[in-house]
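Asker: Provided below for reference: sequence and predicted model.
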Amino acid sequence: MKSMKDTYRLSNGVEMPCLGLGTYQSKDAVATAAVKSAMETGYRLIDTAAAYGNERGVGQGIRISGVPREEIFVTSKLRNAAHGYKATLEAFDMTLEKLGLRYLDLYLIHWPNPIQYRSTWREATIGTWKAFEELYKAGRIRAIGVSNFMPHHIEMLKENCEILPMVNQLRLCPGVTQPEVVSYCKENGIQVEAYSPFGTGAIFKVPEMQALAEKYGKSVGQICLRWSLQMGWIPLPKSANPARVQENTEVFDFELEPADVEFIAKLEGVCGEAPVPDEARF
């Protein structure tokens, strides 16, 4: 990847930008400003979710950015309380209404096994995915995918549905590489996205990362994002600071040495651990 304009081709041929803006924990007004700033800086991938409570703000940022809709790749995610065929269709309509859009570029199941469906998660998730397939075939979503899904969750979809997810969004950051699910996705043609690429800010306090930043003449955040790109993932850094939003795009003019890529991957514990979706208490 050599610039913000570079893309990954998903299994259905849709082109997805190689780096995007995350909006987790950004309230509507903050999300609007962040999206507008990101668009001005060259971002074209925007990631939100019903659970973030900021779809209206994100939609407003898209509208006032002045960037043509067809140039923007918009992702949202299904909220945990809306699993099942009928509930999913209703939730999707609500997401489009809040965003003020006619279609989504990517829609994800946010979590595979919400606590309220713990005893019936298979049936609920199959119903949800069938709704996703229907929306995709109707042209209301350009690509469909999942988030926080492990191989056994995707295998269950394989056995009961027609279309394989095109994307899996996972918590991936230095020391948190989830090799089993990442390898599974690669083998099955599923593009991996990396949420929380900075480990929710923990990475900025890691001395080893500070040393690498000094070595390359870059910031810790830039080292993180370059590492994620070289791992083959689409990182989704979240920031509402215009200067940081700009800084996060300046990761295409250098390359990490292979030994440093491996070193960063092995920094276990510095950013916590990956969630266990079947045990999440929400």
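Answerer: Good, I have the coordinates.
Asker: make it CA atoms for all contacts and neighbour counts henceforth
Answerer: Fine.
Asker: longest helix of the chain?
Answerer: helix 121-137 (DSSP state H).
Asker: For the stretch 51-200 of the chain, give me the ranges with low pLDDT.
Answerer: Of all residues in the stretch 51-200 of the chain, none has pLDDT under 70.
Asker: At which residues are the strands of it located?
Answerer: Listed in chain order, the strands of the stretch 51-200 of the chain (DSSP state E, counting those that start in this stretch) span 73-78, 106-109, 144-147, 167-171, 191-195.
Asker: Any chance you could list what contacts the fourth one?
Answerer: By that I understand strand 167-171. 10, 144-149, 185, 190-197, 274-275 (Cα atoms under 8 Å, 6 or more residues apart in numbering).
Asker: can you check the longest one too?
Answerer: Outside strand 73-78, the residues that touch it by Cα under 8 Å, 6+ apart are 16-17, 44-51, 88, 91-92, 95, 104-110.
Asker: try the third one
Answerer: Defining contact as Cα under 8 Å, 6+ apart, one finds that strand 144-147 is touched by 106-112, 132-133, 136, 165-170.
Asker: State the number of residues packed around Lys2.
Answerer: 13 (other Cα atoms under 10 Å).
Asker: Not counting residues beside it along the chain, what's closest to it?
Answerer: Using Cα to Cα, 6 or more residues apart in numbering and skipping the chain neighbours, the partner closest in space to Lys2 is Phe252 (5.1 Å).
Asker: Quick check, that neighbour in contact with Cys18.
Answerer: No: counting by Cα atoms under 8 Å, Phe252 does not reach Cys18; the two are 11.0 Å apart.
Asker: Please say which of the two ends up with more neighbours.
Answerer: More crowded of Phe252 and Cys18, by other Cα under 10 Å: Cys18, with 24 against 15.
Asker: List the residues that contact that one.
Answerer: Counted by Cα under 8 Å, 6+ apart, Cys18 has contacts 1, 4-8, 229, 233-235.
Asker: and with 6 Å instead?
Answerer: Cys18 makes contacts with 6-7, 234, as judged by Cα atoms under 6 Å, 6 or more residues apart in numbering.
Asker: for Gly84, same thing?
Answerer: 124, 127-128.
Asker: Would you mind putting those into CSV with neighbour count and distance to Val74 alongside?
Answerer: As requested, these are exported to CSV (neighbours: other Cα atoms under 10 Å; distance: Cα to Cα, whole Å):
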residue, neighbour count, distance to Val74
Ala124, 21, 25
Gly127, 20, 24
Thr128, 22, 20
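Asker: nearest to Gly100, of these?
Answerer: Within the contacts of Gly84, proximity to Gly100 (Cα to Cα) peaks at Thr128, which comes in at 22.5 Å.
Asker: Surely the closest one touches Ala87?
Answerer: No: the pair Thr128 and Ala87 fails to qualify as a contact (Cα atoms under 6 Å) at a distance of 8.0 Å.
Asker: Please point out which parts of stretch 58-73 sit buried.
Answerer: 58-63, 65, 72-73 (16 or more other Cα atoms under 10 Å).
Asker: Show only the entries of those found in helices.
Answerer: Short answer: those in helices (DSSP H) are 58-63, 65.
Asker: Switch those over to CSV; also include distance to Ala265.
Answerer: Below are these laid out as CSV (distance: Cα to Cα, whole Å):
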residue, distance to Ala265
Val58, 32
Gly59, 35
Gln60, 37
Gly61, 34
Ile62, 34
Arg63, 38
Ser65, 36
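Asker: all helices for the chain, in order.
Answerer: Under DSSP H, the chain gives helices at 28-41, 55-65, 85-99, 121-137, 151-160, 179-187, 207-216, 220-230, 242-247, 258-265.
Asker: and the fifth one with helix 179-187, angle?
Answerer: Counting by axes from the mean of the first three to the mean of the last three Cα atoms, to 10 degrees, helix 151-160 points 30 degrees away from the direction of helix 179-187.
Asker: So which bits of helix 151-160 are buried?
Answerer: 153-154, 157.
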